[in-house]
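1. Could you work out the structure for the sequence below:
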Amino acid sequence: MRLSYIFSIMAFFCLFSQAQGYQLSKQRPFQAGEQVELKATVGFIKAAEATLQVSDVIYSLNNKPTYKIDVYARTAGMFDLFSSVRDNWGSYFDTAQFVPHQFYRYISEGRFRKNEILYFDQKNNQVTVAKLDKETRKLKERKDHSIAAEMQDMVSGYYYLRAIDFDKIKVGEVITINTFFDDKEKPFSIKFMGRETIKTKLGNINALVLIPLMKKDSLFEEDNTLKVWLSDDLNKIPLKFQAKIFVGYLEVDVKNVKNLRHPLAIVE
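-> Residues are numbered from 1 along each chain as shown. This is a model prediction of the structure:
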């Protein structure tokens with residue numbers, strides 16, 4: 001089982017990129033130093049854990065101030081014995097324009113390795129994909145691609161999503177979006193299902209309910225089987241993911257948070 005696929009879903013990143021035409025919240029949804037920890041289980045068995053982390057340092061890329069955002073994912077318990085995973089995705093995300101200037105992913109799953117860096121030229125609508133050696137991470141090849149304006153990567157897209165004002169989104173509305181992933185633009189659609197209150201380790205929290213419109217494949221047993229809950233506040237952090245996969249039910253729950261910019265929508 002390609003667990004990196006699960007982790008990319010856990011982070012909810014590759015499903016959100018361009019949201020042009022949607023009204024954004026007046027306040028920023030996150031800040032430097034933010035950290036969100038998630039735990040994945042299959043049935044009652046702990047399968048993996050992931051951390052979403054915004055560096056407390058502001059970096060300069062293309063003469064622009066950027067957040068450095070990292071997602072770390074690793075298997076746990078018997079899943080670690082079956083197929084050890086140590087993955088890292090990251091993005092340098094413009095603090096003002098909310099677009100990426102660079103994306104990287106370092107994938108380590110058992111004997112499988114994949115390393116690459118994407119250099120975004122947002123001014124000229126171009127991205128350069130640098131393929132790196134599986135072991136040394138030295139440059140092997142580079143290729144340029146033309147992209148649509150304000151293209152996002154699989155990490156930055158989620159952080160852009162967090163800025164959208166969902167009070168302006170209608171229940172049942174489908175948002176079709178683009179990301180650049182695996183050397184091409186990939187459109188995805190997501191449906192806003194409404195709001196509900198869910199129980200989490202952090203307390204009962206008001207949540208936005210979303211369903212990515214996805215086809216069944218070797219991992220998912222049913223169409224549109226993935227359901228996602230984000231906090232219904234200015235943070236919009238991931239609270240829970242649930243999906244039916246071929247080995248059972250995958251559930252991902254928020255475990256801990258640090259340095260959130262805004263209070264969570266906890267129901268007292």
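2. Mind giving me the packing neighbours of the helix or strand encompassing Thr179?
-> Taking DSSP states H and E as the definition, Thr179 sits inside strand 174-181. Contact partners of strand 174-181 among helices and strands, from 3 or more CB pairs under 8 Å, 6 or more residues apart in numbering; DSSP states H and E: strand 184-200. In short, each C-beta sits where N, CA and C put it, glycine included.
3. Could you tell me how many residues sit around the closest residue to Ala76 other than its chain neighbours?
-> Spatial nearest neighbour of Ala76, chain neighbours left out: Lys46 (5.0 Å); criterion: CB to CB, 6 or more residues apart in numbering. By other CB atoms under 10 Å, 16 other residues sit near Lys46.
4. Let me know whether Lys46 touches Asp80 as I believe.
-> No: Lys46 is beyond contact range of Asp80, at 9.6 Å (criterion: CB atoms under 8 Å).
5. Quick one: mean pLDDT for the helix or strand where Asn206 lies?
-> For Asn206, the enclosing helix or strand under DSSP H and E is strand 203-212. The average of the pLDDT scores along strand 203-212 is 95.
6. packing partners for it?
-> So strand 203-212, by 3+ CB pairs under 8 Å, 6+ apart, packs with strand 184-200, strand 227-231, strand 238-245.
7. now the stretch 51-200 of the chain, which segments are flagged as low pLDDT?
-> Along the stretch 51-200 of the chain, the model assigns pLDDT under 70 to residues 177.
8. show me where it has helices.
-> 77-82, 156-161 (DSSP state H, counting those that start in this stretch).
9. Return the most buried member of those.
-> helix 156-161 (a mean of 26; mean count of other CB atoms under 10 Å).
10. contact partners of stretch 38-54?
-> 3, 6-7, 10-11, 30-37, 67-79, 85, 238, 245, 247-255 (CB atoms under 8 Å, 6 or more residues apart in numbering).
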